[in-house]
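Colleague: with the sequence up front, the predicted model follows.
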Amino acid sequence: MGLIREPEGVDFVINSRPLTKKEQELLSKFISEAKAKRTKKVSSRKATTTRTSSTRKNVKVKKV
């Protein structure tokens, strides 16, 4: 996807209407649920990737 540029001499102005109380509450609820879901995903992924063994297995050591 590329960057869309405004043609010269043309301004795109977006005037949005204010949200109602009900819309604000629904939006806030949606955002908090999405954040909780995302952090749950990230924390479970981190837990599996950070487990590393500090000792090596099956390493042959030559005695001198």
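Modeller: Great, that's in hand.

Colleague: near Glu23, how many other residues are there?
Modeller: Residues lying near Glu23 (other CB atoms under 10 Å) number 11. Using the backbone N, CA and C atoms, a C-beta is placed for each residue, glycine as well.

Colleague: host element of it?
Modeller: Under the criterion of DSSP states H and E, Glu23 resides in helix 21-49.

Colleague: so for that helix, what gets flagged as buried?
Modeller: Judged by neighbour count (16 or more other CB atoms under 10 Å), helix 21-49 contains no buried residues.

Colleague: averaged pLDDT, it. What do you get?
Modeller: Here helix 21-49 scores 84 as its mean pLDDT.

Colleague: what helices or strands is that helix leaning on?
Modeller: Under the contact definition 3 or more CB pairs under 8 Å, 6 or more residues apart in numbering; DSSP states H and E, helix 21-49 sits against no other helix or strand.

Colleague: what confidence value was assigned to Lys57?
Modeller: Taking Lys57 on its own, its pLDDT is 62.

Colleague: that should have said Leu3, apologies.
Modeller: Leu3 is given a pLDDT of 80.

Colleague: and Gly9, what are its phi and psi?
Modeller: phi 80, psi 0 (degrees, to the nearest 10).

Colleague: quick one: it from Arg17, how far?
Modeller: According to CB to CB, to the nearest Å, Gly9 stands 27 Å off from Arg17.
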